[in-house]
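Asker: Predicted model, plus sequence, below.
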Amino acid sequence: MAREGVGAAMAPAAAEVRYGIVGVGMMGREHLHNLAHLAGEVEREQSVRVCVTCLADPHPESLLLGLRLAAELGLPPPQTFSGHRELLDSGLCDAVVVSSPNMTHSEILMDIIGYAKPHHVLVEKPLCTTVQDCEKVIEAAKHRPDILVQVGLEYRYMPPVAKLIDIVKSGTLGQVRMVAIREHRFPFLVKVREPNL
């Protein structure tokens, strides 16, 4: 029979995944909020520790809002950078969430994928704003089997959409040629210096 406290001392330490967020506008702060929630859930399970270690944004106001939100969520203050290259060079993160304006995705993704140290990536939709840039990013990612690049298409995992996909795949509706969905929600929010695309 093990002595009291010995089992706990022998338990393996939880792995840690350090996240950086590039673009701390509305969507970046949404990801910060979700990562804080995930950190709390995962810590209770003791399998992987999630922490947000750094934020990058060229707009000081956005960085300040990100820092305020991190404090409200009870997170340790992340280090801030004015650009994604400085974030990568810091060595402070293992995974990067890209939630910058759509037209910046291509350059940022190519820099992350081409960086010597591997960083896993979650990029907000769209992957890029042109087919050519999407193809370029996909081809580059194929040459980096040491990283995962995922696009944030969360709607396909929502229960109603997942059910719709299952029904269509079952063939009970025949051959579906088009699906139209109208989303009822609040108007898009104003973004920093750019229109909503």
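Answerer: Nice, thanks for sending it over. Numbering: from 1, shown residues only.
Asker: could you say what helices and strands the helix or strand hosting L38 packs with?
Answerer: Applying DSSP states H and E as the criterion places L38 in helix 26-45. For helix 26-45, the elements it packs on are strand 15-22, strand 48-56, helix 60-72, strand 95-98, strand 120-124, judged by 3 or more CB pairs under 8 Å, 6 or more residues apart in numbering; DSSP states H and E. Just so you know, the C-beta spots here come from the backbone N, C-alpha and C atoms, and that holds for glycine as well.
Asker: Next, format those as a markdown table and append mean neighbour count and distance to P160.
Answerer: Putting those into a markdown table (neighbours: other CB atoms under 10 Å; distance: least, CB to CB, whole Å) gives the following:
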| stretch | mean neighbour count | distance to P160 |
| --- | --- | --- |
| strand 15-22 | 21 | 28 |
| strand 48-56 | 21 | 28 |
| helix 60-72 | 16 | 29 |
| strand 95-98 | 24 | 25 |
| strand 120-124 | 20 | 21 |
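Asker: before we move on, back to that, give me the residues contacting the helix holding L38.
Answerer: 14, 19, 21-22, 24, 48-52, 55, 57, 62, 65-66, 69-70, 73-75, 97, 99-100, 122, 124, 189, 191 (CB atoms under 8 Å, 6 or more residues apart in numbering).
Asker: Kindly recompute the last result at 7 Å.
Answerer: Under the criterion CB atoms under 7 Å, 6 or more residues apart in numbering, residues 19, 21, 48-52, 65-66, 69-70, 73, 75, 97, 99, 124, 189 lie in contact with helix 26-45.
Asker: worst-scoring helix or strand of this protein, pLDDT-wise?
Answerer: Ranking every helix and strand in the chain by mean pLDDT, DSSP states H and E puts helix 6-10 at the bottom, with a mean of 45.
Asker: Alright, that wraps it up for me.
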